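# Provided below are the primary sequence and the corresponding predicted coordinates.
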Amino acid sequence: MKFITESYLRDLYKKEPFTAYELGAKARLTPGGRQFLTDRGIKMVDSSDNKKTGSTKQQTEESESKNNWKNLQFQSKMKSIEALFLLTGEELLRKDVCLAHMVVKLYKQFSALKNAVKNHSPVENLSCNECAGINENNFSSNLGDCFEITDFHMQLEKGREIVILHRLRCALQEMEPLMLELCDSSNEEQIWYEEMIGKVNQIINCLSQLIHSAVGGGKCQRIN
């Protein structure tokens with residue numbers, strides 16, 4: 001431990017006057033040394049404070065960089081899904097015009113969500129066509145897949161339509177964890193993202209209904 005005395009500071013000051021004195025990590029001021037600095041209005045700086053400030057600044061910069069990276073990843077994901085919507089609609093147009101038009105309607109809703117993210121603007125809800133497994137109460141919830149899509153469904157009459165709709169649904173299901181990562185600590189921000197997640201879930205649940213219609217059969221195949 002090094003003790004900084006009044007005489008040491010006085011000699012130092014005579015050589016070159018100073019307005020601030022930084023204490024080393026293992027240095028302590030004697031009462032006389034502290035009084036000398038106080039009498040001359042010399043600011044006392046603890047080196048550990050500088051390190052903490054530097055560390056805090058570095059952590060803030062790293063946090064901002066990470067958030068920017070997450071936001072870029074999220075925006076890129078939305079653009080990718082938007083393109084997948086168009087590809088899905090184009091593929092369905094050759095097979096089932098009505099199904100393609102329904103996908104285009106969902107595409108427009110997703111594009112509205114994508115644009116809303118930039119300025120946190122509101123987006124209207126999709127209308128819910130209730131069925132045995134999906135209703136107004138759970139329409140905005142993460143209901144998962146109504147049933148597992150396997151190679152069996154690939155062999156059905158509308159096997160290709162089922163698979164490409166499922167591919168789009170899987171891509172949309174990746175949105176929720178990305179959106180949750182973007183939430184900051186503010187309650188307002190969290191509420192907004194939760195509402196947007198609900199809007200994405202509405203699109204997913206609509207796709208589940210389209211998949212069910214492509215599979216065929218009047219009975220709901222949802223597995224709880």
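In hand now; what should we look at?
# residues contacting Val45?
By Cβ atoms under 8 Å, 6 or more residues apart in numbering, the contact list for Val45 reads Ala20, Tyr21, Glu22, Leu23. Just so you know, the C-beta spots here come from the backbone N, C-alpha and C atoms, and that holds for glycine as well.
# Can you tell me which of those lies closest to Leu207?
For the contacts of Val45, the closest approach to Leu207 (Cβ to Cβ) belongs to Glu22, at 63.2 Å.
# and the gap between the closest one and Leu29?
12 Å (Cβ to Cβ, to the nearest Å).
# what about the two, which has more around it?
Leu29 (18 against 13; other Cβ atoms under 10 Å).
# OK, contacts around that one?
Contact analysis of Leu29 by Cβ under 8 Å, 6+ apart lists Phe3, Ile4, Leu23, Leu37, Met44.
# buried subset of those residues?
Taking 16 or more other Cβ atoms under 10 Å as the criterion, what is buried in the contacts of Leu29 is Ile4, Leu23, Leu37.
# Among the residues you listed, which ones are in strands?
Those of the buried ones among the contacts of Leu29 mapping onto strands are Ile4, Leu23, per DSSP state E.
# about what we covered before: tabulate the contacts of Val45 (TSV), appending pLDDT and distance to Leu172.
TSV is the format used below for the contacts of Val45 (pLDDT from 0 to 100; distance: Cβ to Cβ, whole Å):
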residue	pLDDT	distance to Leu172
Ala20	88	58
Tyr21	85	61
Glu22	84	56
Leu23	80	58
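# Among those, which one lies nearest to Arg10?
In terms of Cβ to Cβ, no member of these lies closer to Arg10 than Tyr21, at 12.1 Å.
# From Cys183, how far off is that closest one?
Distance from Tyr21 to Cys183, counting by Cβ to Cβ: 45 Å.
# next one: Leu37
For Leu37, the distance to Cys183 - Cβ to Cβ - is 47 Å.
# Kindly report the same for Tyr13.
Using Cβ to Cβ, one obtains 54 Å as the distance from Tyr13 to Cys183.
# for Leu207, same thing?
Leu207 is 25 Å from Cys183, by Cβ to Cβ.
# Look at these two and report which has more neighbours.
Leu207 (22 against 15).
# and the residue nearest to the spatial centre of the chain, what does it touch?
Centroid-nearest residue in the chain: Leu182, 2.4 Å away (criterion: Cα atoms, centre = their mean). Shown in contact with Leu182 (Cβ under 8 Å, 6+ apart): Asn67, Lys70, Asn71, Phe74, Tyr193.
# go on, Ile81?
Applying Cβ under 8 Å, 6+ apart, one finds that Ile81 lies in contact with Phe110, Leu168, Ala171, Leu172, Met175.
# And Glu181, by the same measure?
For Glu181, the contact set (Cβ under 8 Å, 6+ apart) comprises Lys70, Phe74.
# cool, and Ile42?
Applying Cβ under 8 Å, 6+ apart to Ile42 gives the contacts Phe18, Thr19, Ala20, Tyr21, Phe36.
# and with 7 Å instead?
By Cβ atoms under 7 Å, 6 or more residues apart in numbering, Ile42 lies in contact with Phe18, Thr19, Ala20, Tyr21.
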